Structure formats: structure tokens, C-alpha cells
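Trainee: This is a predicted model, with the sequence first.
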Amino acid sequence: MKNIKETYLNAWQKTKELKSLIAFLVITNIVFLFFGQWMIAQAVPGVVEFKKEVLKQLPEMGYLKPLTGPLAPYLPLKIAYTFFFNLIFGAFLSTTMPGIIFFLPYLITVFRAWAVGVLFYGTMPTDLHLAVFYGTFILEFGGYVFSSAAGMNIGLSILNPAWKGKETRLEALKIAMADMKLLFVLAATLLFLGAVWEMGWLHFFGVHAEKFIQPDISL
């Protein structure tokens, strides 16, 4: 228990050291989420067509099929699947590894937040669904903020070792990799909470579907 507490304290200390980078990513997520929503509210033609096409293909996307297929009756398995998928693919492979080229995690952040804003604007049938959506966004994208910060931190260390107060790229990279481990403690925590929140509510909606109207995704 002491080691866990110390790990979280060290991770929190690291966020304070990288607070400018993390704040930049938080603001980016919020701005582009609402920008995507605004574009749909304004019925921007190309964006509306993008939304229709993606929503049409969404049920056939491979990574969703386990959730609607063999795992559907089992909430703990859906939570575990969502958590590990988001941690490995959504965070590490999508936003941390690309950090070798330091600006790529930022571009991915921009597109991901914009796309979520576009796809989910106007699709929430009740206030409860809307609360679930924003809760999921805060938790999951909070996790992605830390994984993106880890990636950009690595890229900046390679680009400019002085970012870490070192003279060589290797020394700076070693520090950035240690930073990544701490940032992923927070990323994993938020992604796990996000999986519990999202899958718990979706499971509830599935079991009690008769209490809710279906989302209207037509435009």
C-alpha cells in the first residue's frame, strides 16, 4: 500500500513538472470537442456527410464486435476488454509511440476530440445519456491526455535534450521514458475508471432498454 501511494505521489509530482504540456492538451481536447459539435450544429456539408458515413460503418467495426457479441452478457469482461483496448491501442500505440515525432500525438488529439464532437453531437436521447457521454469523455480523454503528454515529452527530449536539462539525446530519452511510466500510472487509472463508467452504464441501458428511447442519429 505504501509503494502504491508513493507511486501516485511521484506521478502527481511529474504532472506538476509537465503542467504546461498537460494543460495544453486538455485545452486542445475541449476546444476541438466543441468545435466538432459546432460544425454539426451549423450543418457543415462535408462534416455532416463524414458523420453519416462513420455512423453507418460503426456497427461493423471489428473492435466493437466483442462488446455486442460474446462479451455482451458479462459486464466485468466488457470492462476489462474496454480498459485494455483503450490502454494498449487508444493510449500507448496511438498517442505515446507516435511521440517519437513529437507533434504527432497533438495532431491525433486534435482529430480524436473533433471526431468525437462530430459523431456524438445530437445523438443523446436523454439527459442521462448526455451525462454518461461527458463522464466518459472526461475520464477516457483524461487518460489520453497523460499518454499524449508522455509521447510528446519523449519527442521533445529527442529533438532537444535541453528540454530535460541534458546534453545528449540518450540521457534525455532515459528521463523521458521514466516520466512515461509515471504518466501511465495516471493514464491507466483514468482509463480503468472510464471503462467502468462507460460499460457500466451501457450495460444498464442494455438491460433496461425499454426505459429509454433509441438515439436519433439522423441529420
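Mentor: The structure has been received and is ready for your questions.
Trainee: Spatially central residue in this protein, please.
Mentor: To find the centre residue of the chain, average its C-alpha atoms and take the closest one (C-alpha atoms, centre = their mean): that gives F141, at 3.3 Å.
Trainee: which residues are contacting the least confident helix or strand in the chain by mean pLDDT?
Mentor: Sorted by mean pLDDT, DSSP states H and E, the helices and strands of the chain end with helix 65-68, the least confident at a mean of 86. Applying C-beta atoms under 8 Å, 6 or more residues apart in numbering, the set of residues contacting helix 65-68 from outside is 59, 78, 81-82, 199. Where C-beta positions appear, they are placed from N, C-alpha and C, glycine not excepted.
Trainee: give me that answer again for 7 Å
Mentor: 78, 81 (C-beta atoms under 7 Å, 6 or more residues apart in numbering).
Trainee: contact partners of the helix or strand just after it?
Mentor: Downstream of helix 65-68, the next assigned helix or strand under DSSP states H and E is helix 75-85. The list of residues contacting helix 75-85 from outside it, by C-beta under 7 Å, 6+ apart, reads 63, 66-67, 71, 191-192, 195-196, 198-200, 203.
Trainee: the helices in this protein, which residues?
Mentor: Across the chain, reading from the start of the chain, the helices by DSSP state H fall at 2-17, 19-41, 45-57, 65-68, 75-85, 104-120, 127-159, 169-207.
Trainee: list the buried ones in the third one?
Mentor: By neighbour count on 16 or more other C-beta atoms under 10 Å, the buried set for helix 45-57 is 47, 50-51, 55.
Trainee: Between all of these, which two are separated the most?
Mentor: Of all pairs drawn from the buried residues of helix 45-57, the greatest distance, 12.5 Å, lies between V47 and L55 (C-beta to C-beta).
Trainee: So for stretch 62-76, what gets flagged as buried?
Mentor: Of all the residues in stretch 62-76, those buried under the rule 16+ other C-beta under 10 Å are 67, 71, 75.
Trainee: Assess the claim that T7 and F184 are in contact.
Mentor: No. Applying C-beta atoms under 7 Å, one finds T7 not in contact with F184, separated by 10.8 Å.
Trainee: These two - which one has more neighbours?
Mentor: Applying other C-beta atoms under 10 Å to T7 and F184 shows that F184 carries more neighbours, namely 20 against 13.
Trainee: Tell me, how many residues neighbour K16?
Mentor: When neighbours are counted by other C-beta under 10 Å, K16 comes out with 8.
Trainee: ok, it to V185 distance?
Mentor: Applying C-beta to C-beta, to the nearest Å, one obtains 14 Å for the distance of K16 from V185.
Trainee: Ok, K78 next?
Mentor: Applying C-beta to C-beta, one obtains 24 Å for the distance of K78 from V185.
Trainee: Between the two, which has more neighbouring residues?
Mentor: More crowded of K78 and V185, by other C-beta under 10 Å: K78, with 22 against 17.
Trainee: residues in contact with the residue nearest to the more buried one when sequence neighbours are not counted?
Mentor: Taking C-beta to C-beta, 6 or more residues apart in numbering as the measure, K78 lies nearest to M199, with 4.5 Å between them; neighbours along the chain are not counted. When contacts are counted by C-beta under 7 Å, 6+ apart, M199 is found next to 75, 78-79, 82.
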